[in-house]
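Peer 1: next come a sequence and a model predicted from it.
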There are 2 protein chains.
Amino acid sequence: MGDRRWAVIGVGAVGGLYGGRLAAAGHEVHLVARSDAETLAERGLQVDSPGGDFHVRPAVHRSSDTVPPVDGVLVALKTTGNDALAELLAPFDRPGTLVVLLQNGLGAEAAVAGVVPSATVLGGLCFVCSNKVGPGHVRHLAQGMVMVGEYTADGSPAGITAAVTDVVDDLRGSGTDAVADPDLALARWRKLVWNTPFNGLSVVLDAATDQLIADPWVRRLARGVMEEVVAGARATTGRPLEDGWVDTMLAHTETLIPYAPSMKVDYDAGRPMEIDAIYGAPIRAAAAAGCPMPLTSAIEAQLHFLDRRSQGN
Amino acid sequence: MGDRRWAVIGVGAVGGLYGGRLAAAGHEVHLVARSDAETLAERGLQVDSPGGDFHVRPAVHRSSDTVPPVDGVLVALKTTGNDALAELLAPFDRPGTLVVLLQNGLGAEAAVAGVVPSATVLGGLCFVCSNKVGPGHVRHLAQGMVMVGEYTADGSPAGITAAVTDVVDDLRGSGTDAVADPDLALARWRKLVWNTPFNGLSVVLDAATDQLIADPWVRRLARGVMEEVVAGARATTGRPLEDGWVDTMLAHTETLIPYAPSMKVDYDAGRPMEIDAIYGAPIRAAAAAGCPMPLTSAIEAQLHFLDRRSQGN
């Protein structure tokens, strides 16, 4: 029986899976949902998963204001909804509260730290294939690992803090493969090495990962983008990624089952894409450190055009 | 009545228009055609044009071997067909023969000069909106200017040579707005400043020029590509393009009627795209001069992917 009380902001593919597991493990869980609140309150949350389907009935709130004090908050909105974070998170600003951002890309922790200055801000990198298939209904397909690290304002490695250990313990205790990471900033860049080329190119070229990696021209372009991200990681953190990480990621891509990255899934579903988190924030951070990312910025511009046309604005 | 005898290689939108005009002006014209030879021989060549429709019946050949000695050759194949140029042009290798490449991009003159070392090689840059609407049937829609310059092996300006004047005279005499240019190499780069961004982006983003130029992200990307082309021009020729040429071309694009560049027309019709002439050759030339073109090369790679998928190979 978990003894920490959790809130979950955003009950989609990620928040539904990990928040649902916490509830199933016995934690008191409070879901903060907007469009799906009614369905969640009436029918609860259904998670289909290779590890076993389950159904839970956590408390449901339409606003964070009605949530009682909690020990931890999982923030699992898409970054495209981050304009709402100030309002959603302000009520949780208490010393000792663990605010864990389960989001893609760069930049969100810094914004959140400004909103909840008394709380402890962490980032969780999700390596998971999961979809929301309907209100209150999540289908977990494969993988699921979460790397957890603590945010520091200057981007230096926080180490494996007590906060990191607490979050990892609760995730593991609920059946999630959680791993503590002493260096959140570098971990986020490491994940971008794969995400940045393959998210955007899958959208711009309307192709799955196996088609992209099989084409010698796109493979070379993907390598070029990856090398820009590796250089950006070094320039912004002052610390290098592992030698050969680009080759590792290219080889890894060849072993994937044909796969549509999250940005492609969003675009095909008519949702806004997480362009700023995966492209804009890294490009700006690298530029501020004197490191241009021209290949990456070409794709960023194309994505903005497609997003604008898709969203009709 | 024209007194120069002309051959025309490739009787499409460009060769049909300019070659047809030479025939209509009284020149003896020999068309070298492959797929359309039968139709051309039976029905002649029909050109619909704002300046007046006309119909001509030049001699038609399936091979250059049966063409009698000519004074000039208009080469109007798409560059994607340039593998055939050695065979098509070898019979015209005589001193004094004017071989005029009415093609897009960079690089074809150097290859042709190797095939017809005794002839005089020129380039013609066509600013024309014209389509082949059927075998032996060309529809000229707008514009039509041709800039003519003489090729030099070292890329230095040839000046306004007698050969240039002869070609310009015949084109003008047949109703074409022809202009002599003393510096072919720089003229080709100047034209690429517009062609390189807008051809590729119209295909990758499936958009016409007005949509592209109206989007601030794409406009910035187009500017970046243009600046790479301007730098490539300077690095490879040693001579600068006009100050402000990028701004001029961006402003010009805003005044265009919504327009699909030739590469977009080719792609939508299922034809191969002129990627190497408009992207590969300039990128290689600039790289050899120490000038990288990363934004341009990102688009090049995407175009190769799309071309390969479209052509099914």
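Peer 2: That came through fine. Numbering: from 1, shown residues only, chains lettered A, B, ... in the order given.
Peer 1: tally of neighbours for the residue in the stretch 1-150 of chain A that chain B sits nearest to?
Peer 2: For the stretch 1-150 of chain A, the residue closest to chain B is A:Thr80, as judged by Cβ to the nearest Cβ, at 16.2 Å. Just so you know, the C-beta spots here come from the backbone N, C-alpha and C atoms, and that holds for glycine as well. A:Thr80 has 16 neighbours, counted by other Cβ atoms under 10 Å in any protein chain shown.
Peer 1: might one say that it is in contact with A:Pro272?
Peer 2: Yes: at 4.4 Å, A:Thr80 counts as touching A:Pro272 under the criterion of Cβ atoms under 8 Å.
Peer 1: next one: phi and psi at the residue most central in space within chain A?
Peer 2: In chain A, the residue lying closest to the centroid (Cα atoms, centre = their mean) is A:Gln103, at 2.3 Å. Dihedral pair for A:Gln103: phi -130, psi 160, per degrees, to the nearest 10.
Peer 1: could you check the pLDDT of it?
Peer 2: Here the pLDDT value assigned to A:Gln103 is 96.
Peer 1: kindly report the same for A:Gln46.
Peer 2: Model confidence at A:Gln46 (pLDDT) stands at 98.
Peer 1: excluding sequence neighbours, find me the nearest residue to A:Met293.
Peer 2: A:Glu228 (4.2 Å; Cβ to Cβ, 6 or more residues apart in numbering or on different chains).
Peer 1: same for the helix or strand hosting that neighbour, what does it pack against?
Peer 2: Using DSSP states H and E, A:Glu228 maps to helix A:216-237. Under the contact criterion of 3 or more Cβ pairs under 8 Å, 6 or more residues apart in numbering or on different chains; DSSP states H and E, helix A:216-237 touches helix A:184-204, helix A:209-214, helix A:245-255, helix A:281-288, helix A:294-311, helix B:294-311.
Peer 1: highest mean neighbour count out of those helices?
Peer 2: Most buried of those by mean neighbour count (mean count of other Cβ atoms under 10 Å in any protein chain shown) is helix A:184-204; its value is a mean of 25.
Peer 1: anything in that helix near chain B?
Peer 2: Yes: using Cβ under 8 Å from any Cβ of the partner chain, helix A:184-204 reaches chain B at A:Leu201, A:Val204.
Peer 1: what's the angle from that helix to helix A:294-311?
Peer 2: 60 degrees (axes from the mean of the first three to the mean of the last three Cα atoms, to 10 degrees).
Peer 1: average pLDDT across helix A:184-204?
Peer 2: 97.
Peer 1: ditto for stretch A:262-279
Peer 2: 96.
Peer 1: okay, buried residues for that stretch please.
Peer 2: Neighbour counts over stretch A:262-279 (16 or more other Cβ atoms under 10 Å in any protein chain shown) mark A:262-267, A:272-279 as buried.
Peer 1: that stretch near chain B at all?
Peer 2: No: if you take Cβ under 8 Å from any Cβ as the test, stretch A:262-279 misses chain B, and the best it gets is 9.5 Å.
Peer 1: give me the residues contacting that stretch.
Peer 2: Defining contact as Cβ atoms under 8 Å, 6 or more residues apart in numbering or on different chains, one finds that stretch A:262-279 is touched by A:78-80, A:103-108, A:131, A:192, A:195-196, A:199-200, A:202-203, A:208, A:260, A:296-297, A:299-300, A:303-304, A:306-307, A:310-311.
Peer 1: and that stretch, end to end?
Peer 2: 14 Å (Cα to Cα, to the nearest Å).
Peer 1: who in chain A is up against chain B?
Peer 2: Residues of chain A lying near chain B (Cβ under 8 Å from any Cβ): A:201, A:204-205, A:207, A:211-212, A:215, A:217-218, A:220-221, A:224, A:294-295, A:297-302, A:304-306, A:308-309.
Peer 1: switch the cut-off to 6 Å
Peer 2: A:Leu205, A:Asp215, A:Trp217, A:Val218, A:Leu221, A:Pro294, A:Leu295, A:Ala298, A:Ala301, A:His304, A:Phe305 (Cβ under 6 Å from any Cβ of the partner chain).
Peer 1: would you mind putting those into CSV with distance to B:Ala59 alongside?
Peer 2: Output for the residues of chain A next to chain B, formatted as CSV (distance: Cβ to Cβ, whole Å):
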residue, distance to B:Ala59
A:Leu205, 46
A:Asp215, 44
A:Trp217, 42
A:Val218, 46
A:Leu221, 47
A:Pro294, 52
A:Leu295, 51
A:Ala298, 48
A:Ala301, 50
A:His304, 54
A:Phe305, 49
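Peer 1: closest one to A:Ala84 out of the residues you listed, please.
Peer 2: A:His304 (21.2 Å; Cβ to Cβ).
Peer 1: for the closest one, give me the pLDDT.
Peer 2: As predicted, A:His304 sits at a pLDDT of 98.
Peer 1: grab the nearest non-local neighbour of it.
Peer 2: Nearest non-adjacent residue to A:His304, counting by Cβ to Cβ, 6+ apart: B:Trp217, 3.9 Å away.
Peer 1: again, but for A:Cys291
Peer 2: Closest to A:Cys291 by Cβ to Cβ, 6+ apart is A:Ala235, at 3.8 Å.
Peer 1: I figured that neighbour was touching A:Pro292, is that so?
Peer 2: No: in this structure, A:Ala235 is not within contact of A:Pro292 by Cβ atoms under 6 Å, at 9.9 Å.
Peer 1: so for these two, which sits in the more crowded spot?
Peer 2: Set side by side, A:Ala235 and A:Pro292 show more neighbours around A:Ala235, with 18 against 15, by other Cβ under 10 Å.
Peer 1: how much space between the more buried one and A:Leu192?
Peer 2: Remark: distance between A:Ala235 and A:Leu192 (Cβ to Cβ, to the nearest Å) = 13 Å.
Peer 1: any shared contact partners between these two?
Peer 2: Residues touching both A:Ala235 and A:Leu192 (Cβ atoms under 6 Å, 6 or more residues apart in numbering or on different chains): there are none.
Peer 1: distance of the spatially closest residue to A:Ser297 that is not a sequence neighbour relative to A:Thr79?
Peer 2: Spatially, and ignoring its direct neighbours in sequence, A:Ser297 is nearest to A:Ile283 (5.5 Å; Cβ to Cβ, 6+ apart). The gap separating A:Ile283 from A:Thr79 is 15 Å, by Cβ to Cβ.
Peer 1: by how many degrees do the helix holding A:Glu228 and helix A:294-311 diverge?
Peer 2: 100 degrees.
Peer 1: list the contacts for the residue nearest to the centre of chain A?
Peer 2: Here A:Gln103 is in contact with A:Thr79 (criterion: Cβ under 6 Å, 6+ apart).
Peer 1: 8 Å - rerun?
Peer 2: A:Val75, A:Ala76, A:Leu77, A:Lys78, A:Thr79, A:Asn82, A:Gly123, A:Ala277.
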